[in-house]
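*Asks:* Let me see the structure of the following:
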Amino acid sequence: MLLGRSPDKNLGKEKFHKSQHFDYSHGVPFLVGTSKPGIGGELLFGQKPRSRLSTGGGGGAPSWLAFDKQVLCFNAHFQEPVCQRREETYRVRKCKIYFYLEDDTIQVVEPEVRNSGISQGTLIRRQRIALPPPRDDQFYTSHHFNLNQDVVLFSRCFTITDCDPFTLGFLRRQGMRVNPPASAPADPYSSLRREMEDSMKPLRPYERMDTLRQFLDHDRNVLQFFCYWDDSDAAFGLPHQLTLHYFLADDTIEIREVFGRNSGRDAVPKFLNRNRLPKKAPMPTRQPGMLTDRTVLNVFGPTGNKGRYLLDNLKIGSTSDEFYTDRDLTLGAVINVWGRNVVLCDCDNFTKEYYRTKYGIEDFTPVDYRPGPAPRVPREVPPYNGFGSEEDSLCSCQGLVLKAPKKDFRKLMEKDRQGLVSNVLRFVGKMVTDVSADSERRFIISYFLSDDTVSVYERTKRNLGVMGGKFLERGRVKKPGQELLKSEMSEYFEAQDLYLGARLVFNAQEFQLVEADEFAISYMEQNAEEFPMANIGTILSKLKSISKDKQKEIKQFFAMSDPANTFIIPYEPFSPDPGPLLRRVGAEGAGPGPDPVPGAGAPEEDPLRELPEMANAFLYEDLDRTGRLATRQARTICKAFKIPLADNLLMALFERFENEAEELDYDAFLSKINWRENPLPRCCPTT
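*Replies:* Numbers count the residues shown, from 1 in each chain. The predicted structure follows:
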């Protein structure tokens, strides 16, 4: 390195960009990048590093986050010279200076004064303001503001006199010594105008009633009270509900009556026309000339414009009538409306706020004046005449326009057939009759949960002499013992009325339910809260409450049913149905149990009778004679022959006889379900 030569500072430097200086935030322009204003982020010659956090504090967070929505407010004034008026040489204008801490912007606003004649409002829009020369390269911060000092904003000198409590506390937290507040000087011209207005008095011998100010201040402001007038003592009298309107613009009162529906009275427009309401009414009748505010004492000169007269200042001939004002209207007060005592009971929210602000009243407890609701007269429905259904007849009495009876569409959608779930409760019933031929007849009674309808179908039995088929058309069935022509709706059979052992009368024919299918029993057990006869908790509580004599009879019955003391009792002694209790216990050692298929109570209705036909169906579908068939085809055949198994149980049974290719060994399956050839071994009860 040669003597007198310095190394190049740009050697190894990679950044030569010019830093950004200005940007916009919320539509406000301000200076950014003060920490790196030079070339490549380095300060220029003679520049000093400055931080954006000029207001201090913030805990290391950026100013736009640390001082968000925090504004310093100062009261200030400035003097404006007036050169072309003799009454004033300068004008004192008061304003407010807002300093936004988030970006060091300043806004100056002059509050508007009525009848000032000056364009007021925002004097300086929100922006960063530079200091006066020679420090115009810097901007105002919170450290440049203090009480009782001057600040120059755009060549206009503002004198700060006071600030709000938040600003005072913030300046003290910054370690600044805050000066005591000062008072703004009085404006000479404003003081002169105030003195002139105070000294101006009318030189007339009569008083002037100025009601224009009251009208301008309270125009369209109305106090509303809810009141009533009890006229029950008069002939054909009754309580009247009224609404009182008090107009604050001219102290007038208007009363309107509230008419209920079908009241039978004429709806007059107003109960009292808008006018001032005297307290002592009705007033005595006075002759013309008796009501005068002034009395002429003497007249000077000729009559006309050039004449003079003297008036009586003592108002000897005037009469003072008292009228109701806003201070007389309170809740619970009784006012005299031309001889009628009206009670004020309640008011609206505007009236409450008016009395709370003007008179400091806080108690607005309403007075109960509305009579109770009249007893509702029940609507009498004419009796059913026998034409059509009862629902149609009832709908024809509910209106002039005939409407069809409404159906429970939600229940129809929820309880309609969904896939393999039919939502139909099927029972096997027999006739309760003394005729031996009819006692052997078996009927399938189906109850449809979607619309509460019932259908009865008779199974054909050989050598009985009765043709089977439809016994009762599907429809709603009325319960017996009801009057036909009556006003009340008839009661129909519901799902809770059907249970094993129940006796039902369909069109004067009595049936007894002896068996049910697996879906009906499972559905009733799953919805035990709707079917009390299948509720295991209710059954156990009844068993616990039986007497000791009845318990002895039950024990004797069990001993007689099990003479070998095997502790296993077959299902036959509990015919026609073992009930939900034995289903819950699970006593399976006495044999296969009752057949859950409807119509299987008779021997000739045994489902095992169709096993050969099922074997022929499997063999017919097995074209290659491999002894195996696809599980899907096997399931279709089982459903076609109405195997009394749920779909999930049937598929679980298929899994024991199918291979990896989902092919079923139908010979082993048919042999396994034939419980007569392959009976289950006896087992001890679990409980």
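*Asks:* Could you list the single helix or strand in this structure with the lowest mean pLDDT?
*Replies:* Least confident helix or strand, the chain: helix 579-585 with a mean of 59, by mean pLDDT, DSSP states H and E.
*Asks:* Tell me the helix or strand right after that one.
*Replies:* Following helix 579-585 in sequence order, the next helix or strand is helix 611-621 (DSSP states H and E).
*Asks:* Let's test this: mean pLDDT of that following helix, rounded?
*Replies:* The average pLDDT for helix 611-621 rounds to 84.
*Asks:* Show me the helices in the stretch 51-200 of the chain, by range?
*Replies:* Taking DSSP state H, counting those that start in this stretch as the test, the helices found in the stretch 51-200 of the chain are 63-66, 165-173, 188-199.
*Asks:* what sits up against the last one?
*Replies:* In other words, helix 188-199. Applying CB atoms under 8 Å, 6 or more residues apart in numbering, the external contacts of helix 188-199 come out as 87, 88, 89, 90, 91. (C-beta placed from N, C-alpha, C; glycine too.)
*Asks:* Could I get the buried residue list for it?
*Replies:* Judged by neighbour count (16 or more other CB atoms under 10 Å), helix 188-199 contains these buried residues: residue 189.
*Asks:* Tell me who's in contact with residue 420.
*Replies:* Neighbouring residues of residue 420 by CB under 8 Å, 6+ apart: 639, 647.
*Asks:* What are the contacting residues of stretch 387-395?
*Replies:* If you take CB under 8 Å, 6+ apart as the criterion, stretch 387-395 is touched by 381, 384, 385, 402, 403, 404, 405, 489, 490.
*Asks:* how about low-confidence regions in the stretch 551-687 of the chain?
*Replies:* In the predicted model of the stretch 551-687 of the chain, residues 566-609, 675-676, 679-687 satisfy pLDDT under 70.
*Asks:* what's the spacing between residue 656 and residue 640?
*Replies:* Distance, residue 656 to residue 640, using CB to CB, to the nearest Å: 21 Å.
*Asks:* Ignore what I typed, I meant residue 117.
*Replies:* 103 Å.
*Asks:* Could you check which of these two has the larger neighbour count?
*Replies:* residue 640 (10 against 6; other CB atoms under 10 Å).
*Asks:* in the longest helix seen in the chain, what's buried?
*Replies:* Counting by DSSP state H, the longest helix found in the chain is helix 548-561. Within helix 548-561, no residue counts as buried by 16+ other CB under 10 Å.
*Asks:* what about dumping the CA coordinates of that helix to CSV?
*Replies:* Included here for helix 548-561 are C-alpha records, laid out as CSV according to Å, rounded to 0.1, in the frame of the first residue of the first chain:
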residue,chain,number,x,y,z
LYS,A,548,-94.7,-64.4,48.6
ASP,A,549,-97.7,-66.6,47.8
LYS,A,550,-97.3,-65.9,44.1
GLN,A,551,-93.6,-66.7,44.3
LYS,A,552,-94.4,-70.1,45.8
GLU,A,553,-96.7,-70.8,42.8
ILE,A,554,-93.9,-69.8,40.4
LYS,A,555,-91.5,-72.1,42.1
GLN,A,556,-94.0,-75.0,42.0
PHE,A,557,-94.5,-74.4,38.3
PHE,A,558,-90.7,-74.5,37.7
ALA,A,559,-90.4,-77.7,39.7
MET,A,560,-93.2,-79.4,37.8
SER,A,561,-91.7,-78.3,34.4
